[in-house]
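>>> Sequence and predicted structure, then a few things I'm wondering about:
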Amino acid sequence: MDTKHTNPSGPLPGNLHDLLPDLEKLYTDIHSHPELSMQEIRTAGLAADRLRAAGYEVTTGVGKTGVVGLLRNGSGPTVMLRADMDALPVEEATGVPYASKVKATDPEGKTVPVMHACGHDMHVTWLVGATNLLAQTRGTWKGTLMAVFQPAEETAAGAQAMIDDGLFKRFPKPDVVLGQHVMVGPAGNVAGRTGVITSAADSLQIRLFGRGAHGSMPQASIDPVVMAAATVMRLQTIVAREVSPTEAAVVTVGALQAGTKENVIPDEAIVKLNVRTFDEGVRKRVLAAITRIVNAEAAASGAPKPPEITPLDRYALVTNDAGATAKALEAFRQYFPAERIRQTGPASASEDFGSFGAE
């Protein structure tokens, strides 16, 4: 965005301090009313209302619940600012007065508690504030501002859903895409990084097949519980023995589900796992090792048929452009003390933000 008319060493543009009380109310409201992925109807409505009030052209329902706001301000670059809106199926135990008590139905039909445990309530609030400030100060810049409130980051589906719904065909294609994420650390610090900043992630479901029997006759069974337990233990050796100490990978088994009664051996077991990597070669090796181990453990147990390995979701690496990162960090340095600006290392968290830059 062209900011040649601004004084970068001056105070933040617009009436930021006047906006803060309203933004705080918005934050606590969104935090108290979290919504699961692709269910962000209320949050999207709040975002759309704020954009309209600030003078933006607003389109709703992009990628199901996404919102796009355009502020055209003469000739110049198009800058896209993005905030994700969805929350997680987590029960809140913070004890804050505005804590979530929301329950919702997940895609599997289960009733689950819902909480903004990943900071997306803050992200929405930030973008509402930024769009308001930039609308107030449009006399200091030229170009097009494109505000995107994205659904379903937590399921790696939202960014691609908006792209598939014509985000970059129905609206101007941005020259740069800017996003942010609240992280654990001292308040008031700002960090960035050129190159890879968040990991690639792959989530898999593994269905292991056995033969059920009564618990008193284990010899008649092919026990999928033992098969699954052996598989889980063996999967831990991938990072410990197959990934170089100079490389990085995480293999986490987050669910092992089998059977319903203590004296009945079930006929199948489900293992769900998540993989994080920072290099495509490492990623391919880890995924190949998982397939090898799962099939080998099933064969060693005499499974009646091979296991089913089903991808659940995938996040690509997020790689920051060197030029855009340098400009963003330099802008931060104009407004924040030097000790508050730092370069961060790659995070093992994952984001679908990178999908916007892949188009």
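Received, thanks.
>>> Quick one: the helices in the stretch 201-350 of the chain, in order.
224-235, 237-242, 280-300, 322-335 (DSSP state H, counting those that start in this stretch).
>>> Flag every buried residue along the first one.
In other words, helix 224-235. Using 16 or more other C-beta atoms under 10 Å as the test for burial, helix 224-235 gives 224-232, 234-235. To be clear about C-beta, it is placed using only N, CA and C from the backbone, and glycine gets the same treatment.
>>> in the chain, which segments are predicted with low confidence?
1-14 (pLDDT under 70).
>>> If we use 50, what do you get?
Within the chain, the stretches with pLDDT under 50 are 1-10.
>>> domains in it, as residue ranges please.
16-197+317-357, 200-314 (automatic domain parsing).
>>> quick one: contacts for the nearest residue to Thr125 once chain neighbours are set aside?
Closest residue to Thr125 apart from its sequence neighbours, by C-beta to C-beta, 6 or more residues apart in numbering: Tyr27 at 4.3 Å. The neighbours of Tyr27, taking C-beta atoms under 8 Å, 6 or more residues apart in numbering as the test, are 121-122, 125.
>>> how near is the residue nearest to Thr344 when sequence neighbours are not counted to Val58?
Of all residues not flanking Thr344 in the chain, Ala191 sits nearest, at 3.9 Å (C-beta to C-beta, 6+ apart). Going from Ala191 to Val58 by C-beta to C-beta, to the nearest Å gives 32 Å.
>>> Kindly report the same for Met122.
As judged by C-beta to C-beta, Met122 and Val58 stand 22 Å apart.
>>> do the same with Thr105
Using C-beta to C-beta, Thr105 is found at 28 Å from Val58.
>>> Those two: which has the busier surroundings?
Comparing Thr105 with Val58 by other C-beta atoms under 10 Å, the one with more neighbours is Val58, at 18 against 11.
>>> Please look at the more buried one and Arg50 and confirm they touch.
No: judged on C-beta atoms under 8 Å, Val58 makes no contact with Arg50 at a distance of 9.5 Å.
>>> what's next to whichever strand or helix holds Thr59, contact-wise?
Thr59 is part of strand 57-62 when elements are defined by DSSP states H and E. Applying C-beta under 8 Å, 6+ apart, the external contacts of strand 57-62 come out as 44-45, 48, 51-52, 66-72, 162, 165-167, 170-171.
>>> Show me which of those are buried.
44, 48, 51, 66-71, 162, 167, 171.
>>> Which members of these occur in helices, if any?
Counting by DSSP state H, the part of the buried ones among the contacts of strand 57-62 found in helices is 44, 48, 51, 162, 167.
>>> how about those in JSON lines, adding distance to Ser348?
Listed next are these as JSON lines, based on distance: C-beta to C-beta, whole Å:
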{"residue": "Ala44", "distance to Ser348": "29"}
{"residue": "Ala48", "distance to Ser348": "34"}
{"residue": "Leu51", "distance to Ser348": "34"}
{"residue": "Met162", "distance to Ser348": "25"}
{"residue": "Leu167", "distance to Ser348": "28"}
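>>> Let me know the closest of the residues you listed to Gly357.
Leu167 (12.4 Å; C-beta to C-beta).
>>> Setting aside sequence-adjacent positions, which residue approaches that closest one most closely?
In space, Leu167 is closest to Val62, 6.3 Å off (C-beta to C-beta, 6+ apart).
>>> what separates that neighbour from Gln160, distance-wise?
12 Å.
>>> Those two: which is more packed in?
Val62 (22 against 17).
>>> What distance do you get for Pro218 to Glu262?
Distance from Pro218 to Glu262, by C-beta to C-beta: 13 Å.
>>> The two - which one has more neighbours?
The neighbour count for Pro218 versus Glu262, taken as other C-beta under 10 Å, is higher for Pro218 (12 against 6).
>>> and stretch 336-344, how far out from the chain's middle?
Chain-centre distance of stretch 336-344: 24 Å, with C-alpha atoms, centre = their mean, to the nearest Å.
>>> Repeat that for stretch 29-41.
For stretch 29-41 - counting by C-alpha atoms, centre = their mean - the centre lies 15 Å from the chain centre.
>>> Buried residues of that stretch, list them for me.
The neighbour-count check on stretch 29-41 (16+ other C-beta under 10 Å) flags 30-40 as buried.
>>> Relative to Ala117, which of the residues you listed is nearest.
Among these, and counting by C-beta to C-beta, the member closest to Ala117 is Pro34, at 8.6 Å.
>>> I'd like the distance between the closest residue to Ala248 other than its chain neighbours and Thr140.
Spatially, and ignoring its direct neighbours in sequence, Ala248 is nearest to Phe278 (5.2 Å; C-beta to C-beta, 6+ apart). To Thr140, Phe278 is 39 Å away according to C-beta to C-beta.
>>> What helices and strands are in contact with the host helix or strand of the residue nearest to Thr344?
Here Ala191, judged by DSSP H and E, is contained in strand 190-192. Strand 190-192 sits against helix 322-335, strand 341-343, with contacts defined as 3 or more C-beta pairs under 8 Å, 6 or more residues apart in numbering; DSSP states H and E.
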